[in-house]
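[1] could you work out the structure for the sequence below:
(2 chains)
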Number of protein chains: 2
Amino acid sequence: MTSVIGRSVTRWDTLGKVTGSAVYAGDVALPGLLHGKIKRSTVAHARIRAIDAARALALPGVRAVLTHADVPRVLHYGSPHPRSASVTKDQYILDTTVRYHGEGVAAVAADSEEIAEAALELITVDYEPLPALLTVADALAPGAPAIHAVGPGGNLVLDPVVVTRGDVAAGFAAADLVVEGTYTLGRPVPAYMEPNVCVCQWDALGKLTIWTSTQSPFMVRGTLAEVLGLPLTKVRVLVDHMGGGFGAKQDLFQHEFLCALLAQRTGRPVRMEFSRKETFLGGRTRHSGSIRLKQGFRRDGTITAREAEIVFDSGAYGSHGPGVTAVATASLTSLYRCDNVHLVGRCVYTNTPIAGAFRGYGVVQSYYALDSQMDEAAEQLGLDPAALKLMNAVRDGDLAPSGHPIVGHGLEDCIRRGLEETGWAARRAAPKSHDAGRRRRGWGMGCEMHGSSAYPGIKEQGNAIVRMNEDGTVTLFTGTTGLGTGAHTALAQITAEELGVRFEDVAVVHGDTDVVPWDIGAFASHTTYMAGRACQMAAAQVKAKVLARAADRLEVAADDLDIRDGVVTVRGVPGLSLTVADAIAAERGIPAPQLVGEGSYRPTKSYSFAAHFVEVEVDTETGQIDVVQVVPVHEIGKVIHPVAAAGQIEGGIQQGIGHTLTEDFRVDPRDGRPLNASFVDYKMPLAMDMPPIRTIILETAPDEGGPFGAKGVGEDPIIAIGPAIANAVHDAIGVRFRHYPITPEQVLAALAEKGATPTLCAADQHDQTDP
Amino acid sequence: MTSVIGRSVTRWDTLGKVTGSAVYAGDVALPGLLHGKIKRSTVAHARIRAIDAARALALPGVRAVLTHADVPRVLHYGSPHPRSASVTKDQYILDTTVRYHGEGVAAVAADSEEIAEAALELITVDYEPLPALLTVADALAPGAPAIHAVGPGGNLVLDPVVVTRGDVAAGFAAADLVVEGTYTLGRPVPAYMEPNVCVCQWDALGKLTIWTSTQSPFMVRGTLAEVLGLPLTKVRVLVDHMGGGFGAKQDLFQHEFLCALLAQRTGRPVRMEFSRKETFLGGRTRHSGSIRLKQGFRRDGTITAREAEIVFDSGAYGSHGPGVTAVATASLTSLYRCDNVHLVGRCVYTNTPIAGAFRGYGVVQSYYALDSQMDEAAEQLGLDPAALKLMNAVRDGDLAPSGHPIVGHGLEDCIRRGLEETGWAARRAAPKSHDAGRRRRGWGMGCEMHGSSAYPGIKEQGNAIVRMNEDGTVTLFTGTTGLGTGAHTALAQITAEELGVRFEDVAVVHGDTDVVPWDIGAFASHTTYMAGRACQMAAAQVKAKVLARAADRLEVAADDLDIRDGVVTVRGVPGLSLTVADAIAAERGIPAPQLVGEGSYRPTKSYSFAAHFVEVEVDTETGQIDVVQVVPVHEIGKVIHPVAAAGQIEGGIQQGIGHTLTEDFRVDPRDGRPLNASFVDYKMPLAMDMPPIRTIILETAPDEGGPFGAKGVGEDPIIAIGPAIANAVHDAIGVRFRHYPITPEQVLAALAEKGATPTLCAADQHDQTDP
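    This is a model prediction of the structure:
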């Protein structure tokens, strides 16, 4: 049989997407559908003295208005991972206090979106202002008012995360060179194409059905059931297609609770969809903040000590702050080997939009600092930064940030392959002038490692059920979500391969919590790795049942049989075979047993690696940085679907370029008002901005826990691209930027300070502010 | 724990039904929905020379027209039980020959039903008439033209079914009395409240979804896939609620194929719903025909020989003719013991509407003859008919018609209990005049036995999957269909009982072939018995997993644990317990395994029994027979849901009263034109016609194969009521009717012949003809 693993078969989800027949949550049309809208706070921090909804309720076509007085006062996990140490329980559906400009304070259901919006204008809110703490510094200042009653106090989301190994003082004492810097982090947003949207309907028996754009349907089910006081059998979450989530859609959002409650109150289905502006206000951002990083080096490049102080801005609620802080902090134990580390991570409430889970989950931030500083150190040590990184790269047997041992030499393999592919040595050897010409080019490289699967301490487990139909075709039941990554196709490939049937003969049932096995959700780069292995286990069970039946028919031992392309063959006996369908057909009145298999897989943590090599061109007159080419080299174990894997890598790079050069969701430092909550003012790289990308995928360190050796790739590509660009910019113009995004203004300012200032071209000035 | 078995909990399906929120196939509303209609033959037998659809196609709003030239020419099983000996493969979707008045010859899809109906009128069909064989006698006459090219010839649907045991000639030679009669059978229709209806939609990937009112979704899936040339993964059959089927909706009907093809051709969803008239023309009837029955008796009542010749009218197609004929024939080996039997069953094609599966499946007919003749023999032997039946009743260890041994003395128990309850002996002893008064009352009784499960030789197997959710609630996956009987409630009760959780905590997923385990369909009185046992097996697997987990937590042996009401308790250690939810919660980061169990049950055959005791009143002036009271005594093993079981019994009695007294779908003997294809002219007993029914359910012979000892009850109640009424009529007026329905005209005619003729009251005359 030609293996289907490693073949870029046509994905299940593409035809529906290109023909427009794919059904997203927002496409659900139900008779009697009402439209819900959320009234949002216009102040950053205040107590609500009163809300008057009478005029809104009197508007013809308005069916219901909800304020804090009308909803269950249940403190819930903003993120639907109950009992996880990664998330906080600090949100009410609607509260009597608003904690950031844009927070929902009331909701309306009406016959049309227009009426609902008009009704919002008729709701008056009497705010009693509270001091707005718009920065981490404000929030941590002595005497600052507490934004939340819960938590450890001092506006901390959680007690500081401290990771210590070895003896840092001794390490620094042993150093020939100490490099220290503080890296500041912008606030990118996930900017998924499909805005948050849901439709809720209750049936006569009091069961809630919600179609919603979520990465974690079972988590939505669990949280809604808990908050609404329902058993899990009374909440059904449906997700067919999704237009991206990037981690943020692991959270439950205000509109999902409010939509359910509006539907309950009105007795009619209700639809709520975020405007693009609301995806900024009501969504989740990456954690901004700062990382003070200090490392000691021997002259030969050996790292003797590492000390870091991370301070993340959580915004108004905790969401994944604890998890992101913990992961970011722990990640600095690794990537580049160091025996003596002392790392402290803090996460701080402020009166700004909520930071949450976002592809890269803390590691984007920490490795931006780490990998930038490695280049700084290399320069001061007179070493090639790539050589410095290679000599320090984690390798087989080293402890990963999770505490699990690294398998294989994946990071070294990535670096070496990239050096070859880019002719790095020759490029570094070439003479370079940082002061010649308007357009200056430079090369940089960055590294990363990222775990497939996360959340030790909660129920992380991949599950699958595989059923063979009477004609030998196969149905796979998976709780994983089709985020847009092609995951279901990969799972079908794994199932087909293990079972020995054709890929085309495997159908996938997904997206309905009533019928598919429990799944934690599509995030943490674990779907193919964890759920894929569960599929493989389930398929193996079905295969054993088929073979037992075939063995009876063929009168041979099951051990001598195999299945290829849907045909059972006998090893060593050419010509003796029967189709799977014939093997399972009823014979002499005796039907085949129910051909169902189940797989349940609890992963350890497996790490993927990458090194990104980037060439940039800096226009010294405009300050514009263009990424000229990218050579990403990824080690992700066995590749199931090369085109889908490459798509992940390209998309991650695009998003990473945006983070590094243009994307930053900003609030007015005076009052917390969002300044650029639109695609007009929030700048993302578009397709036409993309450089050529020559993706190289290695399969040098397969993971024995993954299906056919596969590991994750979802988050990896967004991590290394950032420091690679910053390092390339330094290579091009000799300026080190210790922050992202690196804007043209900053480039020009830095060049001016460096004394090589071209005239600022006014026409190229952009400020990311609301018009 | 209070057992939920035997408790009449609130059924899952009732609230939706009474509030109108229950979704039937006909309720499915899709954007762009087209409406399909079938043009039906106006002749009983003809070749189609030509069909002209041009004018129909030109009608604005008409989207497609299909004739025999446009559809796959595949001979298919009218009934979706491929490879079963019970059904024939003699139908095309649309053929070039029409075989009865009302057969579909073309189909239209249009923007509205009105346009579709107008288009039907614009289609012209040029028929070349063939001789119409409207009776079995015509069809069997030497030289009669063949209605079908397939089959054994001579217009037989199948070779005669012959069952012989012992030595019949010797048996008759040993008889003191030989009783012989020919019993003729009307043609009732199932008259389900929900007409046949389906909605078909194809997706971009070539997958067909069909919402249809069927008893056998997986059989629909298999047959559509076969005829349309699709793998099973490309056909999805959805059935939520159903408004009855009574066996007939085991078949695939023309509209289901045509709707799928119209949807394919137009690229839009299409809905087709039978008018009430079409449920007669395009539906299925019970097999009419005749049964010549001859039995020999010793003076003491012992039956020495039994000989029967069954001739069933199959109508234009075979459908379940083979199965019904085989079951009817075999059934005469039993009920009343007889060592010497010779039974022949024939099934004959005629140019009349199609007979198919119908509650009672041949046994209604055969036991009408047998149980009537037992009364005739009793009279001639000078015995109480009940005593004669009791002495001959089958009992523990006797061979059932299926060849399986009878378990227990269920039939004797039913008869004895009925005799007690009705004070039978006293009634029989009371003096009776057949000639006194206008309104005369009489008592009769009839018996029956019926198997739970059927179809030996095909894949009969009950399957279930049970999953426990994170909060300890349970989801049951079943492929059984919710015909209206409350089956899903019973299955949830069985699951709850076995697992030890509350009934309210079990949700049922059903009605979607993509997601539920394979099921043969809801018929043959086997759902609770066969699927119920599979549920019990699946629940037991989940229970074992929960107990293993709980044993770890409580540090006791799993064998010492039990679950009651969702709480795990330790035998002999009061106070030590934990909830199921706590038992399965993740602990120290280790989640519970996937809590899924599966059950697959292949039944042997289990028999239920009943004796019905009936009092009638005959109005000798009008000929009207009123059923005054019924005392049905059923032995059905352990009763899961008493109210649902009683509902089955009451409904069966109502339907049986109709069969026996009023219901007969007739065609014009001249040309085969249907005479009473409407509820105006086809008379069924309504609620107000129903007598008091005092249902008694025994649990004296539980079946060890059934869940908690349960057996079937679906078909039983329609069988014994018929002969009980006929026997009661004889008791009331001294006239023996050897046919059904027994109409007022016939009563009056018989009384006139008997010489006790009151004046015929013209106002009471009804003839069942079209107006």
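[2] packing partners for the worst-scoring helix or strand of chain A on mean pLDDT?
    Across the helices and strands of chain A, mean confidence by mean pLDDT, DSSP states H and E is lowest for strand A:76-77: a mean of 78. Other helices and strands packing on strand A:76-77, by 3 or more Cβ pairs under 8 Å, 6 or more residues apart in numbering or on different chains; DSSP states H and E, are strand A:89-91, helix A:217-228. C-beta coordinates here come from the backbone N, C-alpha and C atoms, glycine included.
[3] what would those look like in CSV with mean neighbour count?
    Converted to CSV, the helices and strands packed on strand A:76-77 look like this (neighbours: other Cβ atoms under 10 Å in any protein chain shown):
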stretch, mean neighbour count
strand A:89-91, 22
helix A:217-228, 23
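[4] between the ones you listed, which one is nearest to residue B:684?
    With Cβ to Cβ as the criterion, residue B:684 lies closest to helix A:217-228 of those, at 45.8 Å.
[5] does any part of the helix or strand following that closest one sit near chain B?
    From helix A:217-228 onward toward the C-terminus, using DSSP states H and E, the following helix or strand is strand A:235-238. No - using Cβ under 8 Å from any Cβ of the partner chain, strand A:235-238 never reaches chain B; the gap is at least 9.4 Å.
[6] I'd like the average pLDDT over strand A:235-238.
    For strand A:235-238, the mean per-residue pLDDT is 98.
[7] ditto for stretch A:358-377
    98.
[8] show me the contacts for whichever residue of the stretch 251-400 of chain A sits closest to chain B.
    Proximity of the stretch 251-400 of chain A to chain B (Cβ to the nearest Cβ) peaks at residue A:267, 10.7 Å away. By Cβ atoms under 8 Å, 6 or more residues apart in numbering or on different chains, the contact list for residue A:267 reads residue A:202.
[9] with adjacent residues omitted, what lies nearest to the residue in the stretch 201-350 of chain A that chain B sits nearest to?
    The minimum distance from the stretch 201-350 of chain A to chain B, using Cβ to the nearest Cβ, falls at residue A:233 (3.7 Å). With sequence-adjacent residues excluded and distances taken as Cβ to Cβ, 6 or more residues apart in numbering or on different chains, residue A:233 is closest to residue B:507, at 3.7 Å.
[10] neighbouring strands for the helix or strand hosting the one you found, and are they parallel or not?
    Assigned by DSSP H and E, residue B:507 belongs to strand B:506-509. Strand B:506-509 has the following sheet partners, assigned by DSSP bridges: strand B:474-478 (parallel).
[11] who touches the partner strand?
    For strand B:474-478, contacts defined as Cβ under 8 Å, 6+ apart pick out A:233, A:514-515, B:463-469, B:488, B:491-492, B:495-496, B:499, B:501, B:505-510, B:515-517, B:519, B:531, B:535, B:538-539, B:542.
[12] any idea how chain A splits into domains?
    Using automatic domain parsing, the domain parsing of chain A gives A:406-450+A:606-771, A:456-601.
[13] report the buried residues of the following helix or strand past the strand holding residue B:507.
    Following strand B:506-509 in sequence order, the next helix or strand is helix B:532-554 (DSSP H and E). By neighbour count with 16 or more other Cβ atoms under 10 Å in any protein chain shown, helix B:532-554 contains the buried residues B:532-539, B:541-543, B:545-547, B:549-551, B:554.
[14] which residues touch residue A:357?
    Here residue A:357 is in contact with A:79, A:247-248, A:250-251, A:284, A:319-320, A:323-324, A:523 (criterion: Cβ under 8 Å, 6+ apart).
[15] can you put the helices and strands packed on strand A:76-77 in CSV and add distance to residue B:480?
    Listed next are the helices and strands packed on strand A:76-77 as CSV, based on distance: least, Cβ to Cβ, whole Å:
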stretch, distance to residue B:480
strand A:89-91, 42
helix A:217-228, 25
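[16] least reliable of the ones you listed going by mean pLDDT?
    Mean pLDDT is lowest for strand A:89-91 among the helices and strands packed on strand A:76-77, at a mean of 90.
[17] that strand - contacts with which helices or strands?
    strand A:76-77.
[18] phi and psi next, for the residue of the stretch 601-750 of chain A found nearest chain B.
    Proximity of the stretch 601-750 of chain A to chain B (Cβ to the nearest Cβ) peaks at residue A:602, 6.5 Å away. Main-chain dihedrals, residue A:602, degrees, to the nearest 10: phi -110, psi 110.
[19] please tell me how far it sits from residue A:533.
    Distance check for residue A:602 against residue A:533: by Cβ to Cβ, to the nearest Å, it reads 10 Å.
[20] common neighbours of these two, please.
    Residues touching both residue A:602 and residue A:533 (Cβ under 8 Å, 6+ apart): residue A:462.
[21] in a markdown table: the domains of chain A, plus distance to residue A:133.
    Converted to a markdown table, the domains of chain A look like this (distance: least, Cβ to Cβ, whole Å):
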| stretch | distance to residue A:133 |
| --- | --- |
| domain A:406-450+A:606-771 | 9 |
| domain A:456-601 | 30 |
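[22] next, format these as a markdown table and append mean pLDDT.
    Putting the domains of chain A into a markdown table (pLDDT from 0 to 100) gives the following:
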| stretch | mean pLDDT |
| --- | --- |
| domain A:406-450+A:606-771 | 90 |
| domain A:456-601 | 92 |
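[23] mind checking which of those is nearest residue A:373?
    Comparing those by Cβ to Cβ, domain A:406-450+A:606-771 comes nearest, at 8.7 Å.
[24] so does the closest one get close to chain B?
    No - using Cβ under 8 Å from any Cβ, domain A:406-450+A:606-771 stays clear of chain B, coming no nearer than 15.8 Å.
[25] cool, and stretch A:3-20?
    Yes - residues of stretch A:3-20 contacting chain B under Cβ under 8 Å from any Cβ: A:12, A:15-16, A:19.
[26] make a PyMOL selection of the buried ones in the residues you listed.
    Applying 16+ other Cβ under 10 Å to the residues of stretch A:3-20 next to chain B, the buried members can be selected in PyMOL as follows:
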select buried, chain A and resi 12+16
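[27] residue numbers of the stretch 1-150 of chain A in contact with chain B?
    Close to chain B, as judged by Cβ under 8 Å from any Cβ, the stretch 1-150 of chain A has residues A:12, A:15-16, A:19, A:21, A:29, A:31, A:83.
[28] tell me the two of the residues you listed that are most distant?
    A:19 and A:83 (42.2 Å).
[29] list the contacts of residue A:211.
    So residue A:211 contacts A:25, A:28, A:198-200, A:238-239 (Cβ under 8 Å, 6+ apart).
[30] now do the contacts for the residue nearest to residue A:233.
    Neighbour list for residue B:507: A:233-234, A:514, B:473-476, B:492 [criterion: Cβ under 8 Å, 6+ apart].
[31] with residue A:130 instead?
    Neighbour list for residue A:130: A:45-47, A:97, A:145 [criterion: Cβ under 8 Å, 6+ apart].
[32] got those as TSV, with neighbour count, secondary structure and pLDDT columns?
    Converted to TSV, the contacts of residue A:130 look like this (neighbours: other Cβ atoms under 10 Å in any protein chain shown; DSSP: H, G, I helix; E, B strand; the rest coil; pLDDT from 0 to 100):
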residue	neighbour count	secondary structure	pLDDT
A:45	25	coil	98
A:46	24	strand	98
A:47	13	strand	98
A:97	20	strand	97
A:145	12	coil	96
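[33] let me know the closest of those residues to chain B.
    residue A:97 (31.0 Å).
[34] and that closest one, what are its bridge partners?
    With DSSP bridges as the criterion, residue A:97 is bridged to residue A:47.
[35] the nearest residue to the residue of the stretch 601-750 of chain A closest to chain B once chain neighbours are set aside: neighbour count?
    Leaving aside its sequence neighbours, residue A:602 sits nearest to residue A:461 (Cβ to Cβ, 6+ apart; 5.0 Å). By the criterion of other Cβ atoms under 10 Å in any protein chain shown, residue A:461 has 23 neighbours.
[36] residue A:126 too?
    Residue A:126: 11 surrounding residues under other Cβ under 10 Å.
[37] secondary structure class for it?
    Under the three-state scheme (DSSP: H, G, I helix; E, B strand; the rest coil), residue A:126 adopts strand.
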